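Visitor: what would the 3D arrangement of this be:
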Amino acid sequence: MKHFLPRLTALVGLLFTVLTYVSAHNYNAQGICTDADCTEPFEPAVQEDGWYLLRNAGNVEWFSGLVNQGGNNIFLWGRLTCDIDFAGVTHTPIGVSEATKFNGRFDGQGHRIMNMKLRSTKDLQGFFGGLRGGGTRVSNLIIDKSCQITGKQRVGGIAAFAQTTGSEPIVIEGCMNEANVTGTSTAVGGILGGSMSPHPAIRILNCINTGTVRGSGESATIAGWLGDNAGSRVDNCYNTGRLMGIDGSKRNMVRHGGASAVQNIYEFYSSSTYTQGRATDWATPSPLASGELCYRLSQGEGGKAWGQAIGTDAMPLPFGSSPEVFLCGEAACDGAVIAEASHFSNTDEGLKLQSHQFLRGHCQVCGALEEGYPFPPRKVFLMAGQSNADGRAAVSTMPSYIQDYVSRGGSRFCYWSYTNGSEAAWQKFGGKFLPYVPHTDDNSTSRCGFDGIVYHLIEEALAGRFFVIKESHGGTAIDTRCSSGGNLWWCADPEWLASASPRSGHSLTLEFVENIGRCIDDVLAKLDEGYRIECIMWHQGESDRTQGAAYHDNLQQLVAYLRSWLVEKTGEARYATLPFIAGTVNRQSTQYNAEVEQALYRLAEEDKNFHVVDMSDCKLGSDNLHFDASGEEDAAQRMFSKLLELGLLDSDDATGASPVPNKGREDGWEGCFDLQGRGWQTAGSGQSRVPGIYIMDGRKVLVGSR
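Guide: Residues are numbered from 1 along each chain as shown. As a prediction, the model looks like this:
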């Protein structure tokens, strides 16, 4: 007993101490300690199944403080259990500095952060300060319109910045920012402020911004700067908020480096300066409310992430709490909604697709192939060069059919594989054929080249599937003594090629043939009907102006290399004389060189299968270097005319279009009409005939130049 009493006394004392400590921490409904001398100002969160359950503002600040201690605490998991009111509570960003970036999981469960006022003059302000690469995930979080976020540089609604690469990307998914986000400097965004070097892979999926975003420049409504990591992507997002501080790129939703991918994003704030997310093919007058936007977002990679109670929800939401939206009624065989016969509903009433409209085995609406149709060999066209082949005219200034290719996700009949010396383009297009859509060497679909119009004209002529393999990069030369964009060259000198390699090895030539080879092995050689390469189309020379005297020999060497490579690859001797069609440089261009132009015409005299297309007066844009939209159209028509002249679109019964009969050529053009139904005399002028597709005696005819 005498030994027991001291132990009992000690136990009672310890219990008294614990009770005294606990009773000194009284927390109000917001989780803030109300004791005068409180040593634990924020209510600790309860942990359950590895997640800290955040029930009030105090819990959130306790969690933030724990993460901001660094070490292994950056890997914690937090989950909101309800809407959190920050009225009267000052929030410290989670992951407050570059040293303590958050590297865990955070699930808002569709709950809101309300009345949070971040008013700072410092950088790195947001609900999260920094996110760290390596599997970080923030999901289902709403920053309410009652919040306000202000800082200097890198300011974001969900997160201010992201930094440090890892084996897995940072994912921000199903989040929504309604707050006004303001930065007095750059990199301000509704979801993410800006990435910092080293740039991690960042995935922003199924997110919304409705708040006003203000920056001094270089800002955007979803991500002020996504960085240039090839693994970064923004998919299935939309914006309705105003942006102030857009930079010269006019990328209003996502500013990013060339390697990043942006797709299926939609902009609903009206501004003529914006270049991203502008859809013009809505089937309903109010796509936000009708369910049409919700349906489109759900067709993206997000799957069933999006829902909307039509008639109740003003817009789609990504939290899974609203019902799925279905397209009902009728659609064309390519899935395009027939507005007058269709609607969107929360009940799956079914969608009837109209029948295919086959012509010579190809559906003229969606490009589908008719089962059992005996197709002749598929035509393949090679396209290569530098910036004017790559394309520098704004898609918004191009003909409507080019703009349609972008909005509907590609052409019906032209399938292409496009590379440009970058790893990102190689991963996306290398060895693969996708429906043609304008795409330039900065990984942008906002610009286009004359080649896109050529493909359209070929589509009109063939009315069937064909293939294009394209390699282009702005500012690139053949001669390695010249400066070349991205340190990439078209050189075919055997000694130089022996030490070069594709992409990082600086050779466009080797990448071009590598891609042709993969396209042949993976796709073309497997076609039941076979394939035939028709020609190489080429526009280049500006960057070789400082070595103009060597251009003849350099280009001759490249042509010979490409032809001999094709012969060796395919075993087809005919490719030794494959037509090579080169467009000239506009003589008013700041980079025109007469020796380069003369070299083309000299090669045409020496090689009957080398052909020159005069583009010397095709109109340039304000930079006096690149074709504008009218110049692109003119250059394309001339290139297309050469294809017709050389018989490269002759059909072997594939096109249904025959060369115009001799009687028509010599004895007049009565009964010959263009595709708009205009008689020949209104389509041309005297003996100056306009090459193209015409109707004579009830059938299509190909009219070449005389």
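Visitor: show me the contacts for the residue nearest the centre of the chain.
Guide: Centroid-nearest residue in the chain, with C-alpha atoms, centre = their mean: residue 262, separated by 4.0 Å. Residues in contact with residue 262 (C-beta atoms under 8 Å, 6 or more residues apart in numbering) are 233-235, 253-254, 256, 276. In this view, the C-beta of every residue, glycine as well, is placed from N, C-alpha and C.
Visitor: would you mind giving those as a markdown table with secondary structure, pLDDT and neighbour count added?
Guide: Formatted as a markdown table, these follow (DSSP: H, G, I helix; E, B strand; the rest coil; pLDDT from 0 to 100; neighbours: other C-beta atoms under 10 Å):
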| residue | secondary structure | pLDDT | neighbour count |
| --- | --- | --- | --- |
| 233 | strand | 92 | 20 |
| 234 | strand | 94 | 27 |
| 235 | strand | 93 | 19 |
| 253 | coil | 95 | 28 |
| 254 | strand | 95 | 27 |
| 256 | coil | 90 | 24 |
| 276 | coil | 90 | 23 |
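Visitor: ok, these vs residue 438, which is closest?
Guide: Distances from residue 438 to those, taken as C-beta to C-beta, are shortest for residue 276 (14.4 Å).
Visitor: so how far is residue 73 from the closest residue to that closest one other than its chain neighbours?
Guide: Excluding the flanking residues, the one nearest residue 276 by C-beta to C-beta, 6 or more residues apart in numbering is residue 253, at 4.5 Å. Residue 253 sits 34 Å away from residue 73, going by C-beta to C-beta, to the nearest Å.
Visitor: need the contact list for the nearest residue to residue 275 once chain neighbours are set aside.
Guide: Leaving aside its chain neighbours, residue 275 sits nearest to residue 250 (4.2 Å; criterion: C-beta to C-beta, 6+ apart). Counting by C-beta under 8 Å, 6+ apart, residue 250 touches 273-276.
Visitor: restricted to buried residues, select those residues in ChimeraX.
Guide: Buried residues within the contacts of residue 250, by 16 or more other C-beta atoms under 10 Å, are selected in ChimeraX with:
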select :274,275,276
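Visitor: check which helix or strand the residue nearest to the centre of the chain maps to.
Guide: Assigned by DSSP states H and E, residue 262 belongs to strand 261-267.
Visitor: now that strand - C-alpha only, CSV.
Guide: Coordinates of each C-alpha in strand 261-267 appear next as CSV, following Å, rounded to 0.1, in the frame of the first residue of the first chain:
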residue,chain,number,x,y,z
ALA,A,261,-1.1,21.1,-74.5
VAL,A,262,-4.4,22.9,-74.2
GLN,A,263,-7.7,21.4,-75.4
ASN,A,264,-11.5,21.5,-75.0
ILE,A,265,-11.5,24.9,-73.3
TYR,A,266,-14.2,27.5,-73.6
GLU,A,267,-14.3,31.3,-73.2
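Visitor: so how far is the helix or strand that that strand is followed by from its chain's centroid?
Guide: Going down the chain from strand 261-267, the next helix or strand is helix 287-290, by DSSP H and E. The chain centre lies 24 Å from the centre of helix 287-290; the measure is C-alpha atoms, centre = their mean, to the nearest Å.
Visitor: correct me, but residue 387 touches residue 486?
Guide: No: with contact defined as C-beta atoms under 8 Å, residue 387 does not reach residue 486; the gap is 11.7 Å.
Visitor: tell me the contacts of the residue nearest to residue 518 when sequence neighbours are not counted?
Guide: The shortest distance from residue 518 to any non-neighbouring residue, by C-beta to C-beta, 6+ apart, is to residue 431 (3.3 Å). By C-beta under 8 Å, 6+ apart, residue 431 lies in contact with 417, 515, 518-519, 521-523.
Visitor: cutoff 10 Å now
Guide: Taking C-beta atoms under 10 Å, 6 or more residues apart in numbering as the criterion, residue 431 is in contact with 417, 419, 469, 514-523.
Visitor: mind telling me what element it is part of?
Guide: Per DSSP H and E, residue 431 falls between elements, in no helix or strand.
Visitor: on that earlier part again, more crowded one of residue 387 and residue 486?
Guide: A count of neighbours by other C-beta atoms under 10 Å puts residue 387 above the other of residue 387 and residue 486, at 25 against 17.
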